[in-house]
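Asks: Structural data only, the sequence is not supplied:
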């Protein structure tokens with residue numbers, strides 16, 4: 001029995017190694033040379049997205065029985081880290097889509113899984129998660145979008161904002177109120193997989209400080225009609241459960257992005273500190289720079305270990321809001337700090353758009369906000385800690 005387990009582990013390790021090697025080659029050959037132009041122009045990377053489809057990345061964590069790659073979350077986050085080290089925006093194109101797929105995997109009926117997951121895996125249906133509204137971010141129970149039953153359909157009205165893949169995507173996991181009078185409020189929330197169509201319009205593209213290339217949009221639903229069989233689980237009142245299950249994966253993904261940004265900042269600072277000389281020596285020999293590099297290396301290593309810990313809990317199918325919260329909090333703050341330190345180490349050149357660190361400095365702040373602010377992560381961590389350590 002132990003021998004069989006070892007063989008399985010070895011096979012899985014070899015498969016992971018081959019997948020990561022393939023991703024590394026693709027990033028170096030087909031992505032890295034184009035990042036500056038696409039990012040500075042805020043251009044959607046259509047050709048790169050097609051390559052991502054061919055590689056199966058839109059089905060990374062979808063089980064093989066539904067046409068996906070069936071990767072473990074621990075392998076998936078390593079892919080996300082590598083992609084984010086090259087260009088974080090690409091990781092968002094995958095992440096939002098796979099949160100939607102993960103929600104269906106965990107909460108959908110068998111018929112919904114069979115109908116949707118194979119099309120998600122190929123990227124034929126591609127989209128994301130639609131939670132946020134103009135007056136509602138962290139407090140999801142305050143959403144106003146409504147879905148009212150009308151025969152075999154529901155009629156949806158309301159607005160979602162800051163939705164990744166909103167313009168280029170074709171369908172979205174949509175959080176709505178099916179019972180506005182429910183108490184507690186979350187019992188009146190449900191989630192649908194909504195395709196674009198009559199009554200579903202993209203009102204505008206939202207401009208951002210960083211995170212360029214990926215489309216972030218406002219979505220408007222005006223008497224949008226959707227079949228009742230698109231209600232996830234075909235049971236009302238489970239919308240918050242669906243959202244939370246998706247956000248666990250999302251937070252580990254964002255944490256992995258944080259590792260990628262922190263690593264990229266460290267790489268750029270390490271290289272530049274050995275190219276630049278002042279007062280007769282390379283700048284890494286100055287104590288002020290060496291202290292920064294020492295902290296940067298430590299942040300990357302600690303962040304990566306926290307992400308691996310959270311992903312391992314997902315691998316085991318365990319509740320991991322504590323692990324995901326800690327990974328998301330620490331890795332994203334590390335990304336922000338490392339990006340700032342890399343810019344400082346570069347001096348005036350760090351402020352130039354010709355250098356990578358300028359982009360990292362603009363991309364990193366998003367990670368401290370997205371998939372639940374870091375202030376909320378601290379509260380989640382404290383709450384779970386007390387639950388696990390009662391008097």
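Replies: Yep, that arrived. Computed from a predicted structure; not experimentally measured.
Asks: what about the strands in the stretch 251-391 of the chain?
Replies: Here the stretch 251-391 of the chain has its strands, by DSSP state E, counting those that start in this stretch, at 277-278, 281-282.
Asks: export those to a markdown table and tack on mean pLDDT?
Replies: Converted to a markdown table, these look like this (pLDDT from 0 to 100):
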| stretch | mean pLDDT |
| --- | --- |
| strand 277-278 | 94 |
| strand 281-282 | 97 |
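Asks: Go through this protein and flag its longest helix.
Replies: Ranked by number of residues, the top helix in the chain under DSSP state H is helix 239-275.
Asks: what pLDDT does residue 354 get?
Replies: On the pLDDT scale, residue 354 is placed at 95.
Asks: What's the separation between it and residue 27?
Replies: Distance from residue 354 to residue 27, counting by Cβ to Cβ, to the nearest Å: 21 Å. C-beta coordinates here come from the backbone N, C-alpha and C atoms, glycine included.
Asks: Compare those two (neighbour count), which wins?
Replies: When residue 354 and residue 27 are compared for neighbours, residue 27 comes out ahead with 19 against 8, by other Cβ atoms under 10 Å.
Asks: The more buried one contacts residue 91, doesn't it?
Replies: No: contact criterion Cβ atoms under 8 Å: residue 27 and residue 91 do not qualify, at 11.2 Å.
Asks: Quick check: neighbours shared by these two?
Replies: residue 83 (Cβ atoms under 8 Å, 6 or more residues apart in numbering).
Asks: Now do the buried residues in stretch 266-276.
Replies: Of all the residues in stretch 266-276, those buried under the rule 16 or more other Cβ atoms under 10 Å are 266, 268-269, 272-273.
Asks: correction: stretch 227-244
Replies: Going by 16+ other Cβ under 10 Å, stretch 227-244 has these buried residues: 230-233, 236, 238-243.
Asks: Would you mind listing where this protein has pLDDT under the threshold?
Replies: 1-8 (pLDDT under 70).
Asks: give the contact list for the residue nearest to residue 309 when sequence neighbours are not counted.
Replies: What sits nearest to residue 309 in space, not counting adjacent residues and going by Cβ to Cβ, 6 or more residues apart in numbering, is residue 323, at 5.5 Å. By Cβ under 8 Å, 6+ apart, the residues touching residue 323 are 306, 309-310, 313.
Asks: Narrow these to those in helices?
Replies: 306, 309-310, 313.
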